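> Take this sequence and fold it.
(2 chains)
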Amino acid sequence: MSLLVEMNDVHTYIQSFHILQGVSLQVPRKGATVILGRNGAGKTTTLRTFLGFQTPTRGEIKFDEKIINGLAPYRIGSMGIGYVPEDRGIFYGLTVQENLKVAARDGVQEMEKRLGRVFELFPDLKKAWKQIAGTLSGGQQQMLSLARVLVSNNRLLVIDEPSSGLAPIVVERVAETITELKKDIPILLVEQNYNVASKICDNYFIIDQGRCVHQGKMTDLEKETELKKRYLGVAV
Amino acid sequence: MDVTLFFHLLLNGLAHGMLIFLIASGLSLIFGLMRVVNFTHGSFFMIGAYLGRSIYLGTDSFFLAIAGSLFFGFAAGALMERVAIRPFFANRVQLLLLTLGMMLVMNELVKIIWGPTILRFPRPDYLIGTLFIGDIMLPYYRLFIVGFGLLVLLVIYLFLNKTRLGIIIRAGVEDSNMVQSFGINIKQVFTFTFALGVSLATVGGAISGPFLGVYPEIAMDNILIAIIAVVVGGIGSFGGSVVGSLIIGLMGSFGGFYLPQAAMAFNVILMVVVLLIKPAGLFGKGGLASGR
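So this is what the prediction gives:
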């Protein structure tokens, strides 16, 4: 089966800084793939380049076998890619319902069809339907951010640091939810918390200094103590 | 102060406030969404007044004067966004200078076309006269401006809160990149918002004509006041632009009655006080310098 995402030798500059220095990675059409790496390694820039928010100076990016380099972010989003950024990107002054309406790319009727599943996963959002999103707790805001990518027919979810800034018990719930989601939709994840990533993901890429330095099956990474220590700072 | 004078000043202030609101709401939405300070906004208000007058004198229909200025504003706004704003969008300094330059050109063009002197914009017959409630005098035309302003306010409020496009505009004010990730072409939203904002200014100009008169200086006078109203209310906040405009309108009416020389100073002092207490304005989020 062909790959869903292919990035080949992608270079990206932010101002004069050469952040991505030849990233190559592949995302299969099933399961969850994680990009691991230390702070500043280029993980988020990899996602933002894939999503069109940064323009690569070199290399090729394909989604579902179509080259998407240089396309505007809205064109890439409309191909069926749901993005959950690290800061959650929710619209704080809008209600929960309005946040979902903005995200309803396939129309409000399609959104309403999918709400049953959304409320099943995130019952809190049903109670907070008319609540201003800025007044939700951190965990609820993360749920809202995830819910927004479920109200349209997305073919890939791109999730950046879902555990960032959340209490451990909430992190566990978020991890369980993403594990549940990956049964239906392939996921590309960036996660700094190795334990969370290892619970959710099937495949991994390690990025260091703007390059992919290692890749493989998540189950194999478990045994690579030296690799984890060197690139992820995970204590043995 | 006797009751008659109080109501006279109140209605005057509300009418002025509503005219300021028609400029300020568009200015605020455009700045909130696109981070563009559109100095031509006052000039469009002025052109709306001239155009409305010409249409009214030509057709004898006040409705057509309002509708014509509205459609002209929408078309001119859309054209300006596509042709002049978009190519310079990445450079805010160039954009600032561009709209400032366009404002000067528009103000001079109007003098060439319609002349530099004040022109009379007659009121339609059905809006001439005064409503008396006891001793209180309420001129029909001022009541009309307040009513028209309230109607526009209601329509824009419903649009921003009940339609998906309106909700997208509010979301874009907070984070336009995130809006794009949902497959929404933000540039089209920019064009629409710019056109909507300009059309509010031109229609405001058209209804101001019979109240304020039609002359080139209304552009400069009103853009300054509208900018102060936007800053006081909170940039990007529609509710803020309503409240800011009404405060400025009422303050201008009451303050101007007692101390006419200090009317503009009152506005600036109010802005300074609000910014010192709440840097983002009464209903704004973040600060004036906050970026995204």
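> For the residue nearest the centre of chain A, which non-adjacent residue is closest in space?
Nearest residue to the geometric centre of chain A (C-alpha atoms, centre = their mean): residue A:159, 1.5 Å. Leaving aside its chain neighbours, residue A:159 sits nearest to residue A:84 (4.4 Å; criterion: C-beta to C-beta, 6 or more residues apart in numbering or on different chains). Yep, even glycine has a C-beta here, placed from its N, CA and C like the rest.
> Check what pLDDT residue B:262 gets.
On the pLDDT scale, residue B:262 is placed at 85.
> what does residue A:31 give?
94.
> Correct me if wrong: it contacts residue A:184.
No - assessed by C-beta atoms under 8 Å, residue A:31 is found out of contact with residue A:184, at 11.2 Å.
> Between the two, tell me which one has more neighbours.
Higher neighbour count among residue A:31 and residue A:184: residue A:31, with 15 against 11, using other C-beta atoms under 10 Å in any protein chain shown.
> Tell me who's in contact with that one.
A:182, A:186, A:187, A:201, A:202, A:203 (C-beta atoms under 8 Å, 6 or more residues apart in numbering or on different chains).
> And residue A:118, by the same measure?
By C-beta under 8 Å, 6+ apart, the neighbours of residue A:118 are A:100, A:125, A:147, A:150, A:151.
> ok, 7 Å please
A:125, A:147, A:150, A:151 (C-beta atoms under 7 Å, 6 or more residues apart in numbering or on different chains).
> just residue B:59 next, same as before
Applying C-beta under 7 Å, 6+ apart, no residues qualify as near residue B:59.
> Quick check: pLDDT value at it.
According to the model, residue B:59 carries a pLDDT of 97.
> give me phi/psi at whichever residue of chain A sits closest to chain B?
Of chain A, the residue with the smallest distance to chain B, taken as C-beta to the nearest C-beta, is residue A:78 at 3.2 Å. With angles defined as degrees, to the nearest 10, residue A:78 sits at phi -70, psi -10.
> Chain neighbours aside, what residue packs nearest to it?
Nearest non-adjacent residue to residue A:78 (C-beta to C-beta, 6+ apart): residue B:183, at 3.2 Å.
> next one: residue B:78
Residue B:78 sits nearest to residue B:195 (C-beta to C-beta, 6+ apart), 4.0 Å away.
> Tell me how far residue B:141 lies from residue A:170.
59 Å (C-beta to C-beta, to the nearest Å).
> First-to-last residue distance for stretch A:151-167?
End-to-end distance of stretch A:151-167: 26 Å, with C-alpha to C-alpha, to the nearest Å as the criterion.
> Residue 7: what secondary structure?
Since you didn't name a chain, this refers to chain A. Of the three states, residue A:7 takes strand under DSSP: H, G, I helix; E, B strand; the rest coil.
> oops, I was thinking of chain B
helix.
> so after the helix or strand harbouring residue B:75, what's the next helix or strand?
Assessed by DSSP states H and E, residue B:75 sits inside helix B:62-80. Proceeding N to C from helix B:62-80, the next assigned helix or strand is helix B:92-114, under DSSP H and E.
> And the helices in chain A, which stretches?
A:43-50, A:73-77, A:96-103, A:108-121, A:123-127, A:138-148, A:168-181, A:194-200, A:218-221, A:225-227 (DSSP state H).
> can you put the ones you listed in a markdown table and add mean pLDDT and distance to residue B:11?
Formatted as a markdown table, the helices of chain A follow (pLDDT from 0 to 100; distance: least, C-beta to C-beta, whole Å):
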| stretch | mean pLDDT | distance to residue B:11 |
| --- | --- | --- |
| helix A:43-50 | 95 | 54 |
| helix A:73-77 | 96 | 47 |
| helix A:96-103 | 96 | 36 |
| helix A:108-121 | 93 | 42 |
| helix A:123-127 | 94 | 46 |
| helix A:138-148 | 93 | 45 |
| helix A:168-181 | 91 | 55 |
| helix A:194-200 | 90 | 63 |
| helix A:218-221 | 88 | 72 |
| helix A:225-227 | 80 | 77 |
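> Relative to residue A:25, which of those helices is closest?
helix A:43-50 (7.4 Å; C-beta to C-beta).
> For that closest one, list the C-alpha coordinates in CSV.
Output in CSV follows, covering the C-alpha atoms of helix A:43-50 (Å, rounded to 0.1, in the frame of the first residue of the first chain):
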residue,chain,number,x,y,z
LYS,A,43,9.7,18.7,15.1
THR,A,44,7.1,21.5,15.0
THR,A,45,8.8,23.1,12.0
THR,A,46,8.5,19.8,10.2
LEU,A,47,4.7,19.8,10.9
ARG,A,48,4.3,23.4,10.0
THR,A,49,6.2,22.9,6.7
PHE,A,50,4.1,19.9,5.9
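> Alongside chain A, which residues does the stretch 151-292 of chain B contribute?
Residues of the stretch 151-292 of chain B lying close to chain A (C-beta under 7 Å from any C-beta of the partner chain) are B:164, B:167-168, B:170-171, B:174-175, B:177-186, B:285.
> Let's see which of these end up in helices.
Short answer: those in helices (DSSP H) are B:164, B:167, B:168, B:170, B:171, B:174, B:177, B:178, B:179, B:180, B:181, B:186.
> Chain B contacts on chain A?
Counting by C-beta under 7 Å from any C-beta, chain A sits next to chain B at A:51, A:53, A:73-74, A:77-78, A:83, A:89, A:91-94, A:98, A:101-103, A:105, A:108.
> how about residue B:137, what does it touch?
B:4, B:8, B:130.
> what's the spacing between the residue nearest to residue B:100 when sequence neighbours are not counted and chain A?
Closest residue to residue B:100 apart from its sequence neighbours, by C-beta to C-beta, 6+ apart: residue B:39 at 4.8 Å. According to C-beta to the nearest C-beta, to the nearest Å, residue B:39 and chain A sit 27 Å apart.
> low pLDDT regions in the stretch 1-150 of chain B?
Within the stretch 1-150 of chain B, the segments meeting pLDDT under 70 span B:1.
> Now do the same for the residue nearest to residue A:95 when sequence neighbours are not counted: its pLDDT.
In space, and not counting its chain neighbours, residue A:95 is closest to residue A:130: 5.4 Å by C-beta to C-beta, 6+ apart. Note on residue A:130: pLDDT of 96.
> Residue A:130 touches residue A:97, doesn't it?
Yes - using C-beta atoms under 7 Å, residue A:130 makes contact with residue A:97 at a distance of 6.4 Å.
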